[in-house]
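give me a 3D structure for the following:
(one chain, ligands or ions: 1)
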Amino acid sequence: MVNSSIFRKLKSFFLLVFTGLFISLSPNNISSKWGFAGHQRINEFAVYLLPAELQSTFIQHLYYLISQSVAPDQRRYAVEGEAARHYIDLDHYYTPGQDPFWNLAQNWQEAVDCHSADTLQAYGIVPWHVVRMKYRLQKAFEEKNLALLLKYAAEIGHYIADAHVPLHTTENYNGQLTNQYGIHGLWESRLIELQAENYNYWIGKATYLPSVQKAIWAAVKASHLALDSVLQFEKIVTKQIGTNEKFAYEQRGTVLTRVYSRKFCDAYHKSLNGMVERRLRAAILMVSSVWYTAWVDAGQPDLSNLKLMQEKESLGLESDSLPKMHARWKQRNCH
Ligand SMILES: [Zn+2]
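Now for the predicted structure:
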């Protein structure tokens, strides 16, 4: 369990960090995928679940782990092959009534042998990519390469988080096949924006995963099982609220933006009966557990003598805010 005084200190520290993040992110950016806010929150709280030996290094690089949680989305359309790492269209592999996984091997090579690499790429590879990233992270731990291990840790956090979103497991990822266009942002951005402060983040602690492959496929399966509810309740609540009250306008910076109304979001969130919170909590626990597992599998290397400057130089961070944050953290930690 996370010691409560440490948790309070971390929370204060995070408020400082997050204030900085909001200044540096343009409002236009805070609306895509799990939502930037969701990804940032997942990586942040995953750090709090780590055991002390690993947490002490990760907490020093909290700003980086939070800010880079969205890097894979930022390069999604710029890097060839990136987009497929964020989802898996399971419905391509089965017909209604069949087990979605009957024809889908968890092992990459077996899946390639069965469907071809091109097909897998075309319909998304998130669970296989998480396994690949885990080995990269483990290797970076083995080599004590701070820049790389932080990069992989931040980014595997993103992919694991995406695998926990029901709409990342279907071809109908934005409701475009069922006349529910926009539901993707509703579920993973708008609801998070309105509700995430109220969630319970006492999640326990990271645990060793004997098989990251099994764990990520279990996560994908749970996401896919929740998909029907995500779609069905949106339709039911739309009927109850009416299309006139479903949307509202909110000022975002200088722009008046059409959004799902508060009334509609509250009703939809309630109808999902805690689903968003459960998926968010499960994502946090798994991110932390995968970080921990990679570190254990690397032989639990001592990271305490790796220097902050090494990170700054190799990552080419532009701002000088990182050392300032470290100074603040140090100051708080000594009280
Ligand atoms: Zn993504």
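
got the phi/psi numbers for Val259?
phi -130, psi 160 (degrees, to the nearest 10).

got the confidence number for it?
Here, the pLDDT recorded for Val259 equals 96.

partner residues bridging it?
Beta bridges link Val259 to Ala248 when assigned by DSSP bridges.

identify the residues contacting it.
Applying CB atoms under 8 Å, 6 or more residues apart in numbering, we find Val259 in contact with Arg190, Phe247, Ala248, Tyr249, Glu250. (Glycine included, C-beta is placed from N, CA and C.)

distance of Ile192 relative to the ion?
Computed with CB to the ion, to the nearest Å, the distance linking Ile192 and the ion is 14 Å.

what helix or strand is that residue located in?
If you go by DSSP states H and E, Ile192 is part of helix 191-195.

correct me, but Phe58 touches Ala153?
Yes. Using CB atoms under 8 Å, Phe58 is in contact with Ala153, at 7.3 Å.

what do the two both touch?
Residues touching both Phe58 and Ala153 (CB under 8 Å, 6+ apart): Leu65, Trp291.

the residue in the chain positioned nearest to the ion: neighbour count?
Closest residue of the chain to the ion, CB to the ion: His86 (3.7 Å). Per other CB atoms under 10 Å, the neighbour tally for His86 reads 23.

quick one: contacts for it?
Lys33, Pro72, Asp73, Arg76, Gly124, Val126, Tyr159, Asp162, His168.

so which of those residues sit within helices?
Residues of these located in helices (DSSP state H): Pro72, Asp73, Val126, Tyr159, Asp162.

so which of these wins on neighbours?
Ranked by neighbours (other CB under 10 Å), these are led by Asp162, which has 30 neighbours.

in this structure that residue contacts His168, no?
Yes. Contact criterion CB under 8 Å: Asp162 and His168 qualify, at 5.0 Å.

overlap of the contact sets of those two?
Shared contacts of Asp162 and His168, counting by CB under 8 Å, 6+ apart, come down to His86, Tyr87, Val126.

pipe those into JSON lines and attach pLDDT per row.
What follows is the shared contacts of Asp162 and His168, written out as JSON lines (pLDDT from 0 to 100):
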{"residue": "His86", "pLDDT": "97"}
{"residue": "Tyr87", "pLDDT": "98"}
{"residue": "Val126", "pLDDT": "98"}
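
distance to Tyr260 added to those residues, as CSV?
Putting the shared contacts of Asp162 and His168 into CSV (distance: CB to CB, whole Å) gives the following:
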residue, distance to Tyr260
His86, 22
Tyr87, 22
Val126, 26
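
the one helix or strand Lys134 maps to - contacts with which helices or strands?
Secondary structure assignment for Lys134, by DSSP H and E: helix 126-142. With contacts taken as 3 or more CB pairs under 8 Å, 6 or more residues apart in numbering; DSSP states H and E, helix 126-142 sits against helix 108-115, helix 146-163, helix 212-225, helix 275-297.

what about His224, neighbour count?
Neighbour tally, His224, other CB under 10 Å: 18.

wait, doesn't it sit right on Pro100?
Yes. Assessed by CB under 8 Å, His224 is found in contact with Pro100 at 5.8 Å.

who touches both of the two?
With CB under 8 Å, 6+ apart, His224 and Pro100 have common neighbours Leu90.

in stretch 235-243, what's buried?
Val237, Thr238, Ile241 (16 or more other CB atoms under 10 Å).

filter the residues you listed by proximity to the ion?
With CB under 5 Å from the ion as the criterion, the buried residues of stretch 235-243 include none near the ion.

in helices, which of those appear?
Val237, Thr238, Ile241.

among these, which one lies nearest to Val230?
Val237 (11.4 Å; CB to CB).

ok, that closest one - contacts?
The contact partners of Val237, taken as CB under 8 Å, 6+ apart, are Phe264, Ala267, Tyr268, Ser271.

who wins for most neighbours among those?
That'd be Tyr268 among the contacts of Val237, by other CB under 10 Å, with 25 neighbours.

surely it touches Leu186?
Yes. Between Tyr268 and Leu186 there is a contact at 7.2 Å, judged by CB under 8 Å.

got any residues that touch both of those two?
Common neighbours of Tyr268 and Leu186 (CB under 8 Å, 6+ apart) are Glu234, Tyr260.

where are the low-confidence patches of the chain?
1-33, 308-335 (pLDDT under 70).

centre-most residue in it?
Ala161 (2.9 Å; CA atoms, centre = their mean).

quick check: that residue touching His39?
Yes. Using CB under 8 Å, Ala161 is in contact with His39, at 5.6 Å.

which residues are common contacts for the two?
Ser69.

next to the ion, which bits of the stretch 51-200 of the chain? Give me the list.
Asp73, His86, Asp162.

mind doing that once more with 8 Å?
Within the stretch 51-200 of the chain, the positions lying close to the ion (CB under 8 Å from the ion) are Pro72, Asp73, Arg76, Arg85, His86, Tyr87, His158, Tyr159, Ala161, Asp162, His168.
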